[in-house]
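Colleague: Pasting the sequence and the predicted coordinates here, then a few questions.
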Amino acid sequence: MNYQYPDNLKYTEDHEWILEKEGKGIVGITDYAQHSLGDIVFVELPEPGQKVKIGDSLGVVESVKAVSEIYAPCSGTVRAVNENLLADPALLNDEPYAAGWIAEIEIEELSDKLLTAKEYKFLILEKAEEG
Amino acid sequence: MSTRKRTILYPQHVQLGAKIAEFAGWDMPIQYQSVIEEHHAVRTKAGLFDISHMGEIEVSGPDALTFLQRLCTNDLAKMCVGQVLYTLMCYPTGGIVDDLLVYRLEQDKYWLVVNAGNKDKDWDWINEQLTLMHREEQEKQTVELRDISDEIGLLALQGPLAQQILASISIESLEELRYYRFIFTNLAGVDALVSRTGYTGEDGFELYLPVEKTPFIWEKLLETGKDAGLGLVPVGLGARDTLRFEAGLPLYGHELTEKVTPLEAGLEFFIAWQKDDFIGKAALLKQKEEGVSSKLVGFMMIERGIPRAGYPLIKDGESIGEVTSGSFAPTLGQNLGLGFVVSKEAFIDNEISVLIRGKEVKAKVTKKPFYKREVKK
């Protein structure tokens, strides 16, 4: 399976991505995550203004069959959420790295366990081999 | 090394790029493309399912009917050869062993088609009951049981275009084949038992084939259904579940368990009270007289959220039951659920809540099935 792993993003082992720019981070789920979940039919978003710690729940993504938590890859304050996902959760399947973004966070501290695109890709390929 | 079983079509599923996962001890295709697209294909055109994991048990001999009448809640004496009947098998407590289809193949020969996950349990249960019957009646063995699951490949062809597609490889038109009837026919040179049955809420057929010929018929159907522009696609267990769920059909392990009786599950229609004794009859009669304490209901979410199996159902802050199945329903575009609630809360339009991740989310009891196809007159 060929998934996308854009080079300009950082990744978590739980399949979130974060795009860091000028102290803010845009967060979403990876191409691998959306593919594993299948048709996404429901999203629960965090509240703007909500404070989060690294690893806190940022919301929930549900496909027809599975419920999956989204974890914060950084601590900080939620500044914006992608409300388009409420009406059209399939954006997460179609464009996980663009129109399917989930939240923007004003970063206090980034997780020290973030992976580069190359490292994350390696993790996924290992997973595929384990079957 | 996987200890899971595989159907003979496993290589075809892998080649089609299916997502494979464990179901009832089998490596089964969950989806080929998208659960929602596969679901829509079955509602609007046609879908082909590999359900060879299901179990088939042959019951034959002069006392086959007498034995099955003891074992099953429904009345098999009404069946003619060529007929299919839905029934339950119960424990003496009234709890459900399994739900199954009975095919009357000959005067004294039946097939029981049982859930994959229950097959071994059913086989043991049926054998035990047969031993008991023979001991009680002090008779010689006049009923023969055979587990023929490994000899049979089973495909389901479902959807409004199913008949047209099947007719193109069959020697019969199948138009005359009525719901819950079957015939022995020939499909592209292969002898098959074809019944007008299914688990999707659509028109369709189930095809019982010699196991080694099953891949040939699978490929032949997909080819034919594609060539003729009929839109036939392979469909995995993911959409099989959303389809049966919308159609209000129960699934063993969810709506039906050994702790649930047919009365609680709303399946009294399949209990033949007028029949002589059958296993579970006394307990079920008692429950009918006293009234059931909980009932299976359908409900629709009013607020945002998807109910899932195991989530508590709440009314006025108190637990009133539990979700057994829940999903986004692709055809209806709503988040729906099935679950058991205490009987006094089991009325249409009753506003209840589902406890989702610690939050009470509003829902209301609605009638089932959620989806019913329009039947052509």
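Modeller: That came through fine. Predicted model only: the values in this text are computed from it and were never measured.

Colleague: remind me, longest helix of chain A?
Modeller: The single longest helix within chain A, with elements called by DSSP state H, is helix A:117-130.

Colleague: Check which helix or strand the closest residue to chain B within chain A maps to.
Modeller: Closest approach between chain A and chain B, counting by C-beta to the nearest C-beta: residue A:41, at 3.9 Å. C-beta here means a position set from N, CA and C on the backbone, and glycine is covered the same way. Per DSSP states H and E: residue A:41 is located in strand A:40-44.

Colleague: ok, back up a step: pLDDT score assigned to the residue of chain A closest to chain B?
Modeller: Residue A:41 carries a pLDDT value of 97.

Colleague: How many neighbouring residues does it have?
Modeller: Neighbour count for residue A:41, taken as other C-beta atoms under 10 Å in any protein chain shown: 24.

Colleague: Quick check: closest non-adjacent residue to it.
Modeller: Nearest-residue entry for residue A:41: residue B:328, 3.9 Å, with adjacent residues in sequence omitted and distances by C-beta to C-beta, 6 or more residues apart in numbering or on different chains.

Colleague: For the longest helix of chain A, buried residues please.
Modeller: For helix A:117-130, a neighbour-count test (16 or more other C-beta atoms under 10 Å in any protein chain shown) marks A:117, A:120-121, A:124 as buried.

Colleague: if I've got this straight, residue B:299 is in a strand?
Modeller: Yes - under DSSP: H, G, I helix; E, B strand; the rest coil, residue B:299 sits within a strand.

Colleague: List the contacts of it.
Modeller: B:307, B:313, B:336-339, B:352, B:354, B:363-366 (C-beta atoms under 8 Å, 6 or more residues apart in numbering or on different chains).

Colleague: I'd like the residues you listed laid out as CSV, including distance to chain A and neighbour count.
Modeller: Formatted as CSV, these follow (distance: C-beta to the nearest C-beta, whole Å; neighbours: other C-beta atoms under 10 Å in any protein chain shown):
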residue, distance to chain A, neighbour count
B:307, 11, 25
B:313, 17, 25
B:336, 12, 25
B:337, 13, 27
B:338, 15, 26
B:339, 17, 29
B:352, 19, 22
B:354, 13, 26
B:363, 14, 27
B:364, 19, 14
B:365, 21, 20
B:366, 19, 16
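
Colleague: so can I have a markdown table of those showing pLDDT and secondary structure?
Modeller: Output for those, formatted as a markdown table (pLDDT from 0 to 100; DSSP: H, G, I helix; E, B strand; the rest coil):
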| residue | pLDDT | secondary structure |
| --- | --- | --- |
| B:307 | 98 | coil |
| B:313 | 98 | strand |
| B:336 | 98 | strand |
| B:337 | 98 | strand |
| B:338 | 98 | strand |
| B:339 | 98 | strand |
| B:352 | 98 | strand |
| B:354 | 98 | strand |
| B:363 | 98 | strand |
| B:364 | 98 | strand |
| B:365 | 98 | strand |
| B:366 | 98 | strand |
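
Colleague: and the stretch 101-250 of chain B, which of its residues are near chain A?
Modeller: Proximity of the stretch 101-250 of chain B to chain A, by C-beta under 8 Å from any C-beta of the partner chain, involves residues B:238, B:241-242.

Colleague: Show the contacting residues for residue 20.
Modeller: Picking chain A for this. A:10, A:107, A:110.

Colleague: meant chain B, my bad for not saying
Modeller: By C-beta under 8 Å, 6+ apart, the neighbours of residue B:20 are B:13-14, B:27-30.

Colleague: From these, pick the one nearest residue A:2.
Modeller: residue B:14 (17.2 Å; C-beta to C-beta).

Colleague: Next up, phi/psi of that closest one, please.
Modeller: phi -60, psi -40 (degrees, to the nearest 10).

Colleague: burial of it, as a residue count?
Modeller: 13.

Colleague: Residue B:21 too?
Modeller: By other C-beta under 10 Å, 16 other residues sit near residue B:21.

Colleague: Just to check, residue B:169 is in contact with residue B:219?
Modeller: No - taking contacts as C-beta atoms under 8 Å, residue B:169 lies outside contact range of residue B:219: 11.1 Å.
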